[in-house]
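Trainee: Mind folding the following:
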Amino acid sequence: MRTLASDPQGSFGADGLAPGTWDVVARSSDGRIALLGAVKLQGGEHRRGLELRLDAGAVLEVVLDGGREFLRLQVFTQVARIGSVGLYPGSEEWMVVPVGSVLVQARHGTVRLLDRDLRIQAGDLIRTHFPGR
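Mentor: A predicted model of the protein is given here:
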């Protein structure tokens, strides 16, 4: 995952990306989000003209209740992986997510511990708790 900023016209660039398939996620400061999944890049290729339309999203807040171990949460839609956050016991993080179905996976290292399927509507504030380990 890589975070980039756009210019006032919405243009952005990402130099040095490895060849492969990338998911592009754009978020605005007012809670809108756009997704473009499975953008294929060849070595040295420069892509132009990708268009993303920002739509109303929702806020997903995840909380790690107790425990002693760090967990990584990955957030997916049917189109793309839209985020990844690390949580220490007792901490919380939030991100803007699109409307529709969202899957949150909790992992410890390479072990997948728990999946949570959420149904998101525009403007929602969804707070979900994960048990600590």
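Trainee: Let's verify the residue in the chain sticking out farthest from the centre: helix, strand, or coil?
Mentor: In the chain, the residue that sits farthest from the middle, by Cα atoms, centre = their mean, is G44; the gap is 25.8 Å. For G44, the assignment made with DSSP: H, G, I helix; E, B strand; the rest coil gives coil.
Trainee: How much space separates it from G132?
Mentor: As defined by Cβ to Cβ, to the nearest Å, G44 lies at a distance of 45 Å from G132. For every residue, glycine as well, the C-beta is placed using N, CA and C.
Trainee: okay, E69: pLDDT?
Mentor: Listed pLDDT for E69 reads 89.
Trainee: again, but for P131
Mentor: 89.
Trainee: Skipping adjacent residues, who's closest to it in space?
Mentor: Of all residues not flanking P131 in the chain, D65 sits nearest, at 5.8 Å (Cβ to Cβ, 6 or more residues apart in numbering).
Trainee: hang on, isn't that neighbour packed against H129?
Mentor: Yes - between D65 and H129 there is a contact under Cβ atoms under 8 Å: 5.2 Å.
Trainee: Pull out the buried residues from stretch 23-41.
Mentor: By neighbour count with 16 or more other Cβ atoms under 10 Å, stretch 23-41 contains the buried residues D23, V24, V25, A26, R27, R32, I33, A34, L35, L36.
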